[in-house]
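Novice: Next one to model:
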Amino acid sequence: MHKKSIHLLLLVLVMVVSGMAVAATPEDKTRVVYHVNQGDPGLHMAALRNVQNHINAVGADNMDIKLVMHGGGINLLLGANENPDIQSAVDSLKLQGVDFQVCQNTLTSRQLPMEALYDTTEADIVLSGVAQLSILQREGYTYIKP
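Specialist: All right, here's what the predicted structure looks like:
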C-alpha cells in the first residue's frame, strides 16, 4: 500500500474511534421542544401525532419532550375538554413523559383561568411561551414547529 494511503486510512480510523468515544451515552436524551401557537384543531391533532410519531421512532425513554403553547395554541387544551380524541392523545403523551407548558401571558390576556384548560396544573404554567422557547433552545432543545 502507498504511504499516503496508509496515513489516510489511519486518520480515518482515528476519527471513527474518537467519534465512538464521544457517542451518546444511555443517560443522554434527545431534547425537543414542539411549538404550538395556532388555534386550528386540525393543526393541534397533527402536532400531537407528530410528537407521538417522534416517540415511536426514538423511544419515550430516550427523549425529553416539551410542548409549549401560547396564543391560539392554548386552544389545544381548551378543545381537549370537549374532544375525546385530543384528550386521549394528551393523556397518552403525558404518560410517556411529554411536558405540556402553557403561557401565563396568554392566559392573562385572554382572561382564562388555568382550570379552563384540560388537565393543567400550576406546574404546567410558564411566564412567557416565547421566552420559554428561547430558554429551552439555549439549553440544547431542538425546536420543532409542526
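
Novice: partner residues bridging the spatially closest residue to residue 142 that is not a sequence neighbour?
Specialist: Once flanking residues are discounted, residue 142 sits nearest to residue 32: 4.9 Å by C-beta to C-beta, 6 or more residues apart in numbering. Quick note: C-beta positions are derived from backbone N, CA and C, even for glycine. With DSSP bridges applied, residue 32 shows beta-bridge pairing to residue 65, residue 142.

Novice: from now on call the first residue 312
Specialist: In the new numbering, first residue 312, that becomes residue 343.

Novice: What residues does residue 343 make contact with?
Specialist: Contacts for residue 343 (C-beta atoms under 8 Å, 6 or more residues apart in numbering) come out as 365, 374, 375, 376, 377, 452, 453, 455.

Novice: got JSON lines for these, with distance to residue 428 too?
Specialist: Output for these, formatted as JSON lines (distance: C-beta to C-beta, whole Å):
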{"residue": "365", "distance to residue 428": "23"}
{"residue": "374", "distance to residue 428": "23"}
{"residue": "375", "distance to residue 428": "22"}
{"residue": "376", "distance to residue 428": "19"}
{"residue": "377", "distance to residue 428": "16"}
{"residue": "452", "distance to residue 428": "22"}
{"residue": "453", "distance to residue 428": "25"}
{"residue": "455", "distance to residue 428": "22"}
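
Novice: Buried residues, stretch 433-446. List them.
Specialist: 435, 437, 440, 443, 444 (16 or more other C-beta atoms under 10 Å).

Novice: mind putting the residues you listed in CSV, secondary structure included?
Specialist: Below are the buried residues of stretch 433-446 laid out as CSV (DSSP: H, G, I helix; E, B strand; the rest coil):
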residue, secondary structure
435, helix
437, strand
440, helix
443, helix
444, helix
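
Novice: quick one: which of the residues you listed is nearest to residue 406?
Specialist: Taking C-beta to C-beta as the measure, residue 406 sits nearest to residue 435 out of the buried residues of stretch 433-446, at 15.1 Å.
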